[in-house]
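> need coordinates for the below:
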Amino acid sequence: MDTVTDTHTAHELGASRTFWELVERRAALTPDRPVLLQDDRTLTFEELRSGAERTAAGLHAMGVRPGTVVAWQLPTRIETVLLAMALARLGAVQSPVIPFYRDREVAFAVRESGAAHFAVPGEWRGFDHGAMAERIQARGVFEAYDALPTGDPSTLPPPPASGTDVRWIYWTSGTTSDPKGVLHTDRSLIAGGSCLAHALHLSSDDVGSIAFPFAHIGGPDYLVMLLLYGFPAVLFEKFALPDALEGFRKHGVTVAGGSTAFYSMFLAEQRKQPDARLIPSLRLLAGGGAPKPPEVHHAVVREMGVRLTHGYGMTEVPMITMGSPDDSEENLATTEGRPPEGMEIRIVDGEIRLRGEAVCRGYLNPAQTADAFDEDGFLITGDLGHLTGSGHLVLTGRLKDVIIRKGENISAKEIEDLLHRHPGVGDVAVIGLPDPERGERVCAVIERPPEPSEPRATPESPEPPGPPGPPHLTLAEVTAYLRAEGLSPHKLPEQLEVVDALPRNETLRKVLKYKLRERYSGTVK
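Here you go, the predicted model:
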């Protein structure tokens, strides 16, 4: 198929009512084309369909029925995708759990979802998930790593016909309280994935990559893209650079990414050999999940020689806006792209509110649902931003990231974007800390940049060992730099902390500012 035909077909497939209908329609179109690549293994679209059906039959024999809740905590593997699609074939309700979560978070998710079955990988990367399942007294525990339950597909009931029933429970990462269970339908996830796919202008000639946990909301987002356009993705059970580069190069990956932290990791590797293409086949980095400083965008384009498109999404709405490769460089660097048709964005007192098919149905807790939507049915995001004349969305921060110093509102993101340009800054988080005189004081927490030969932080090892880095920046140097950049004096940081690594979550590597507030709230500068 050429790109035009692919796009037309992709839009038709995007109208599928359910995930399973989408799987079947793609398998009928291109049965022998690969969909998943992992190490030396390949799974075709037809093998995805038939393998998921056999697994569905095995699950059915275990008692899984339409509406049965099945939680799974599995790494990014071919078997994980097969299990997810088997549950979609049955019309079960699945609750993915990030594989790095431990007893407290997992027990909460399994209990609150009412899971009747819980799939685990056994012992994985030095941790016994089966033993944890026993400790938290999970029901119906079974291993789903190298092997999956199988059975005769002729025993299966008809596939689900409705795409608007709640069939997915995703979990927000949580901050200082328990995570929230986010309710999604097949249609809301297909709508989110369609936004991503159509914005990126991909074709069947592309090769994608999933280097983040498939249990993240981005997992089905990406799978929808593969099913719509009929191209494969390389799965990485463990993502760490430079080790993962072999997989990108071997399979000729053309599209990579995940989030801003992933861009920075690729960029750091590129800088080790600036005269050689890091991944020769790569043409596009794309992602979302965390703010993208303009300087990171420009550095990637300049030094890696690829396009970078960034989007805006959240667990409640997997894809809200997405940059497109044919956007102007200015829009790609400074905005989060445009919303797809059907996504309504309303700005109320600077806050972003959303309504559309990709928006979740709410939360497991009805009280949380009531608080999350306004009287017109718009989801209240807590994010701040504005729309440009061209319809592109600009994020300016979060409500909780507005620092109120002596009655003046200060955007943390404005200061962060400026500091990202400084060569002595690897990454930065600006927070407000309680202050008896000013209400809040501005604190900049800077992650020092690595030396060219220094091991990089990875999603698994956020604080790599290494020799001492360059001398730390001082508060005086930081404030002098920001003054020279034109920052108003009342916004200048009054406290500076320099760390080897900022605290991040285990999925898309978002910086956990609440941990920084907890760490430094008691300090007085």
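> and the residue lying closest to Phe248 once chain neighbours are set aside, how many residues sit next to it?
Once its chain neighbours are removed from consideration, Phe248 has its nearest residue in Ile279; the separation is 4.7 Å (Cβ to Cβ, 6 or more residues apart in numbering). (Each C-beta comes from the backbone N, C-alpha and C, glycine too.) Ile279 is flanked by 21 other residues according to other Cβ atoms under 10 Å.
> how about Arg65?
One way to gauge burial is a neighbour count; for Arg65, by other Cβ under 10 Å, it gives 12.
> quick check: it is in a helix.
No. Under DSSP: H, G, I helix; E, B strand; the rest coil, Arg65 sits outside any helix and is assigned coil.
> ok, it touching Ala92?
Yes. In terms of Cβ atoms under 8 Å, Arg65 counts as a neighbour of Ala92; the distance is 7.2 Å.
> and the residue nearest to Phe248, its phi and psi?
phi -130, psi 100 (degrees, to the nearest 10).
> confidence score at Thr80?
As predicted, Thr80 sits at a pLDDT of 98.
> residue contacts, the nearest residue to it once chain neighbours are set aside?
Excluding its sequence neighbours, the residue lying closest to Thr80 (Cβ to Cβ, 6+ apart) is Leu74, at 4.3 Å. The neighbours of Leu74, taking Cβ atoms under 8 Å, 6 or more residues apart in numbering as the test, are 80, 83, 99, 119-121, 144-145, 214-215.
> what residues does the residue nearest to Phe248 make contact with?
245, 248-249, 253, 256.
> just Glu46 next, same as before
If a contact means Cβ under 8 Å, 6+ apart, then Glu46 has 27, 31-32 as its contacts.
> where does it sit: helix, strand or coil?
The three-state assignment at Glu46 reads helix, by three-state DSSP.
> now do the one 3 residues further on
Under the three-state scheme (three-state DSSP), Arg49 adopts helix.
> name the nearest residue to it, sequence neighbours excluded.
Across the structure, with Cβ to Cβ, 6+ apart as the measure, the residue nearest Arg49 apart from its sequence neighbours is Ala27 (4.0 Å).
> that neighbour contacts Gly51, correct?
No. Ala27 is beyond contact range of Gly51, at 10.7 Å (criterion: Cβ under 8 Å).
> how near is Pro294 to Leu418?
In this structure, Pro294 and Leu418 are 10 Å apart, going by Cβ to Cβ, to the nearest Å.
> cool, Val511 as well?
Counting by Cβ to Cβ, the gap between Val511 and Leu418 amounts to 17 Å.
> ditto for Leu395
Leu395 is 16 Å from Leu418, where distance means Cβ to Cβ.
> settle it for me: which of the two has more neighbours?
In terms of neighbours (other Cβ under 10 Å), Leu418 is the more surrounded of Leu395 and Leu418; the figures are 22 against 18.
> so that one sits in a helix?
Yes. When three-state DSSP is applied, Leu418 is found to be in a helix.
> how many neighbours does the nearest residue to it once chain neighbours are set aside have?
The shortest distance from Leu418 to any residue other than its chain neighbours is 4.9 Å, reached at Glu485 (Cβ to Cβ, 6+ apart). Counted with other Cβ under 10 Å, the burial measure for Glu485 works out to 13 neighbours.
> with Arg283 instead?
As a measure of burial, Arg283 has 14 neighbours, counting by other Cβ under 10 Å.
> try the one 4 residues further on
Burial of Gly287, expressed as a neighbour count using other Cβ under 10 Å, amounts to 25.
> confidence score at it?
On pLDDT, Gly287 comes in at 92.
> isn't it right up against Gly257?
Yes. Gly287 is in contact with Gly257 according to Cβ under 8 Å; the separation is 3.7 Å.
> hey, what's in contact with both of these two?
Tyr263.
> the lowest-mean-pLDDT helix or strand in the chain packs against which elements?
For the chain, scoring each helix and strand by mean pLDDT, DSSP states H and E identifies helix 3-13 as the least confident one, at a mean of 74. In terms of contacts (3 or more Cβ pairs under 8 Å, 6 or more residues apart in numbering; DSSP states H and E), helix 3-13 is packed against helix 19-29, helix 186-200, helix 218-229.
> how many other residues sit next to Ser390?
By the other Cβ under 10 Å criterion, the neighbourhood of Ser390 contains 10 residues.
> got the contact list for it?
331, 338.
> and it, that's in a strand?
No. Judged by three-state DSSP, Ser390 forms no part of a strand; its state is coil.
> against Val64, how distant is it?
Distance of Ser390 to Val64, given as Cβ to Cβ: 48 Å.
> just the strands from the stretch 1-150 of the chain, written as ranges.
Remark: strands assigned in the stretch 1-150 of the chain by DSSP state E, counting those that start in this stretch are 34-38, 41-44, 69-72, 93-96, 117-120, 123-124, 127-128, 141-143.
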